[in-house]
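Novice: Here's my sequence, what's the structure:
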Amino acid sequence: MKYVYLLLIATQITFANNIQQSIVIDSSGNQYTMALQNPECITYNPFVDAIGIVNRNYSPTWILNYHSAPGDLSFWVHDYSIYNPDSGAALYPSTFAGTIGPYVSFLTILPPYWAAIYCNGWFSGLWIDDSVNLGPGDQHVQAVIGKELPTGDICFIICEASPYKLVYTTYSADLSTQIAGGSLTPASDTRYYVGWDCNLTAGIAYVIYTDPALNIYYQTTTDGVTWSGEQSYNLIWPNPYASNVMTLNNGMQAVVTDAGNPLIVFAIMNGDNLEYPQDGKIYVCHTQGQPCVEVNNPSDPKNFYPTIATAGNYAAVTYLEPRTAQQDSQAFHDLYFVQSTDQGLTWGTPQNMTPWSTQRVSFPQLAKSYDAARDRAYSVYATTRLASEDMDLMWAYDNSVSVSIYVHFLELQVGIEENETDVPSKLTFNLFPNPAADHAHISFTLPVSGNVSLKLFSVDGRLVKIVENGHKPAGVYAADLRTSELVNGTYFLVLDTEVGKQTRSLVVVH
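Specialist: Residues are numbered from 1 along each chain as shown. As a prediction, this is how the structure comes out:
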């Protein structure tokens with residue numbers, strides 16, 4: 001097993017109302033896949049106060065990277081190649097935060113089986129050398145999602161696609177002993193996965209799924225051995241369009257609240273306009289038999305790819321909305337965040353998390369457990385920049401696509417009126433990552449309006465680039481500086497304003 005430790009101090013970018021803060025955890029430009037919602041690539045465990053993120057390299061395909069941090073994001077540990085590729089290429093990795101450490105589950109194709117590994121201790125990097133074979137598997141498995149149970153044991157739900165059904169397997173915490181396993185759904189009936197979540201506070205786990213007629217079912221367990229059996233879930237589907245279309249892999253998720261009740265989020269598309277990006281609305285079902293709540297901004301017609309989190313009275317949803325309206329895969333997207341403080345009954349105004357981004361936002365995920373102690377949720381997403389504008393940006397599987405991975409933490413907005421912004425009290429100037437390989441993100445605050453210039457100089461004083469130049473009102477600003485075209489070395493960014501001048505050094509290393 002080979003792995004590399006990289007310890008970084010987390011640098012933060014703060015926007016106007018202090019609810020959105022972003023950290024680059026990987027800007028190497030390598031290719032990663034976080035393409036579906038079913039494999040959950042980000043996790044947070046409030047009992048150990050730890051965050052984990054897993055992603056897969058495109059080339060070589062067997063490499064899995066893991067990024068972990070405490071909830072205050074004071075440092076990150078980045079582990080490279082946590083999976084031994086001798087067992088075959090890893091596909092669609094998922095992670096969850098256990099008490100003894102983070103776990104990763106994934107598919108392999110040579111030979112075809114399901115696999116799981118775990119790290120013996122948070123932030124230690126001591127991943128077990130070989131994956132654990134969870135079952136016979138086949139090449140039609142869509143996802144393997146694990147959760148820690150109230151007993152401390154680990155239960156994996158396996159989503160098979162030929163035919164569509166769900167099976168489970170329960171292991172001891174160290175994955176050394178299989179405790180139970182079997183099929184959850186009838187072999188003769190088609191069942192599609194919706195969500196699998198365990199709430200340790202409530203002491204119960206739900207697996208939720210649907211049939212082709214969109215009837216919703218669920219089963220519960222507390223130990224991964226005894227299950228409740230298939231029960232109907234009375235979800236009242238909204239009908240916003242003349243023709244309504246559901247998507248499963250990228251359109252539905254479920255979580256379990258601290259009260260032990262499931263919340264289901266889903267997107268409904270307009271069947272009369274299925275050109276990408278489609279017309280769509282985001283809904284949350286907070287109670288069986290009650291109307292679902294639309295959580296996107298009603299004035300925005302195109303919304304899709306929702307994810308959901310909950311803890312205490314909080315619930316949060318993130319989703320994508322196109323920034324540009326062209327009907328093709330080149331549309332830019334922004335990532336929106338909306339929050340409830342009454343367990344999903346009512347929702348606030350959606351907030352744009354990525355207005356500063358000059359790259360295409362894709363594949364967002366929200367850790368299902370909310371950090372109630374800090375009043376925040378954790379989200380991860382990728383950004384892509386194309387070397388060739390005629391390729392499909394959403395599927396970042398090609399060397400002509402440059403990808404970076406970001407983590408957002410989203411804080412509860414308290415006492416701020418809608419559309420109100422705070423005027424900064426002083427001049428600030430920050431950039432990250434530093435050193436930078438592909439690009440650097442710059443943020444600065446202006447306490448007063450006035451002329452602003454932001455210029456990049458080489459170490460010998462030569463002007464390399466004008467980043468900003470003109471009049472700006474007081475406020476908070478962000479910019480993206482491409483460093484991939486710069487030669488290795490040290491540069492200086494100079495911010496010159498009406499209230500003073502500040503300089504930051506930038507190291508470029510490819």
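Novice: Just the buried residues of stretch 127-143, please?
Specialist: 127-128, 131-132, 134-135, 137, 141-143 (16 or more other Cβ atoms under 10 Å). Using the backbone N, CA and C atoms, a C-beta is placed for each residue, glycine as well.
Novice: wait, I meant stretch 335-350
Specialist: Those would be 335-341, 343-344, 347, 350, for stretch 335-350 by 16+ other Cβ under 10 Å.
Novice: domain assignment for this protein?
Specialist: 7-411, 428-508 (automatic domain parsing).
Novice: just those domains: most buried one?
Specialist: domain 7-411 (a mean of 19; mean count of other Cβ atoms under 10 Å).
Novice: can you give me how far it is from the chain middle?
Specialist: 6 Å (Cα atoms, centre = their mean, to the nearest Å).
Novice: Report the separation between Leu91 and Ala382.
Specialist: In this view, Leu91 and Ala382 are 17 Å apart by Cβ to Cβ, to the nearest Å.
Novice: thinking again about what came up before, in JSON lines: the domains of the chain, plus mean pLDDT.
Specialist: What follows is the domains of the chain, written out as JSON lines (pLDDT from 0 to 100):
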{"stretch": "domain 7-411", "mean pLDDT": "81"}
{"stretch": "domain 428-508", "mean pLDDT": "84"}
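Novice: Might you report the residue contacts of the closest residue to Ala202 other than its chain neighbours?
Specialist: Leaving aside its sequence neighbours, Ala202 sits nearest to Gly260 (Cβ to Cβ, 6 or more residues apart in numbering; 3.5 Å). Neighbouring residues of Gly260 by Cβ atoms under 8 Å, 6 or more residues apart in numbering: 199, 202-204.
Novice: Go again with 10 Å.
Specialist: 199, 201-206, 220 (Cβ atoms under 10 Å, 6 or more residues apart in numbering).
Novice: Same question for Asp258.
Specialist: By Cβ under 10 Å, 6+ apart, the neighbours of Asp258 are 199-202, 310-314, 343, 369-370, 372.
Novice: so which strand or helix has it?
Specialist: Under DSSP states H and E, no helix or strand contains Asp258.
Novice: pretty sure Trp127 is touching Ile82, no?
Specialist: Yes: between Trp127 and Ile82 a contact is recorded at 4.5 Å, counting by Cβ atoms under 10 Å.
Novice: re earlier: secondary structure and distance to Thr190 for the buried residues of stretch 127-143 - can I get that in TSV?
Specialist: Shown next, in TSV, are these (DSSP: H, G, I helix; E, B strand; the rest coil; distance: Cβ to Cβ, whole Å):
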residue	secondary structure	distance to Thr190
Trp127	strand	36
Ile128	coil	36
Ser131	coil	29
Val132	strand	29
Leu134	strand	23
Gly135	strand	20
Gly137	coil	19
Val141	strand	15
Gln142	strand	13
Ala143	strand	16
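Novice: In a markdown table, list these along with distance to Gln359.
Specialist: Shown next, in a markdown table, are these (distance: Cβ to Cβ, whole Å):
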| residue | distance to Gln359 |
| --- | --- |
| Trp127 | 31 |
| Ile128 | 36 |
| Ser131 | 33 |
| Val132 | 37 |
| Leu134 | 36 |
| Gly135 | 39 |
| Gly137 | 36 |
| Val141 | 32 |
| Gln142 | 28 |
| Ala143 | 27 |
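Novice: Among these, which one sits closest to Cys155?
Specialist: Nearest to Cys155 among those, counting by Cβ to Cβ, is Leu134 at 10.7 Å.
Novice: Surely the closest one and Tyr103 touch.
Specialist: No: between Leu134 and Tyr103 there is no contact under Cβ under 10 Å: 11.5 Å.
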